[in-house]
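> okay, predicted coordinates and the sequence, questions at the end:
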Amino acid sequence: MKYAIIALLLLFTTACENQEKQKEDVLTEIPTTPPSKSVEGEIPLKIQSLGDVKQAYEKTNLDITHNRYTSSSFTYNCNGERGGTVTYYLNDNKLRLIEHAYNEYSHNEAVDRYYVLNNQPYFIFYKHTTWQFDGEAEEEEGATKDDISEKRYYLINNSLTECLEKKYTTRSTGKATDPDGIGNKTVSCPPVNELLEDFTKLYENKDTRGKLECL
């Protein structure tokens, strides 16, 4: 009887140890960084913090990636000097994003994105590119380089709360540049009315279709 009890105790102890080990193995598989709320949550009803900006921004990008929004667009060409496409993304007839992709002459191109909630922008992203022939690439004729500037503007109640900038150069030859490896720098914010003036112009054309001469 004594040996039977000891055997049962040993069996119980082994089972407990195995259970604890399994629990530890499971815990090691859980990521230390929690998943973004925007992936599982919804766009906030109102932007009140930088956290709300991030959540709404990520959720909008996710929905667009999965084709959950409807879209409409128009194009324009202003005397061959500047031309582009303006695209509006909507969710349940609510405007979520305005994307303005355009070029000026042949060496400048840009993409401006206005993330919108309650018909007001809460995050603005500019990516402007100027390209030219790369005089430093002696080994390959016709090599080019792109000088790229990215700007990020965070707004709460139509007031700028943070402004960031990133500049880098990519080349058609040599080692590729990883933009994600370059940090953003905090910069002085421009007058908010300048940003809202461009946004308002695009917003007022949200029902435009087809092709225009000048925007």
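That came through, no problem. Residues are numbered from 1 along each chain as shown.

> does residue 64 count as helix, strand or coil?
Per DSSP: H, G, I helix; E, B strand; the rest coil, the secondary structure class of residue 64 is helix.

> shouldn't it be in contact with residue 89?
Yes: between residue 64 and residue 89 there is a contact under CB atoms under 8 Å: 5.9 Å. Heads up, the C-betas are built off the backbone N, CA and C, glycines and all.

> which one's more surrounded, the two?
More crowded of residue 64 and residue 89, by other CB atoms under 10 Å: residue 89, with 22 against 16.

> can you tell me how far that one is from residue 95?
8 Å (CB to CB, to the nearest Å).

> domain ranges for this protein?
For the chain, the domain assignment from automatic domain parsing gives the residue ranges 1-30, 67-212.

> give me the common contacts of residue 64 and residue 89.
Each of residue 97 lies in contact with both residue 64 and residue 89 under the rule CB atoms under 8 Å, 6 or more residues apart in numbering.

> got the phi and psi for residue 59?
Comment: the main-chain dihedrals of residue 59 come out as phi -70, psi -40, following degrees, to the nearest 10.

> so what pLDDT did it get?
pLDDT, the model's per-residue confidence, is 95 for residue 59.

> over to residue 8?
Reported pLDDT at residue 8 in the predicted model: 40.

> same deal with residue 134?
Residue 134 is assigned 64 on the pLDDT scale.

> so after the helix or strand that contains residue 95, what's the next helix or strand?
When secondary structure is defined using DSSP states H and E, the element that contains residue 95 is strand 94-104. Using DSSP H and E, the helix or strand that follows strand 94-104 towards the C-terminus is strand 108-117.

> list the buried residues for the next helix or strand after that following strand?
Scanning forward in sequence from strand 108-117, with DSSP H and E defining helices and strands, the next element found is strand 120-133. Judged by neighbour count using 16 or more other CB atoms under 10 Å, the buried positions of strand 120-133 are 120, 121, 122, 123, 124, 125, 126, 127, 128, 129, 131.

> strands paired with strand 120-133, and their directions?
Here the strand partners of strand 120-133, with direction, are listed using DSSP bridges: strand 108-117 (antiparallel), strand 144-156 (antiparallel).

> please report how far residue 147 lies from residue 131.
When distances are taken as CB to CB, residue 147 and residue 131 turn out to be 8 Å apart.
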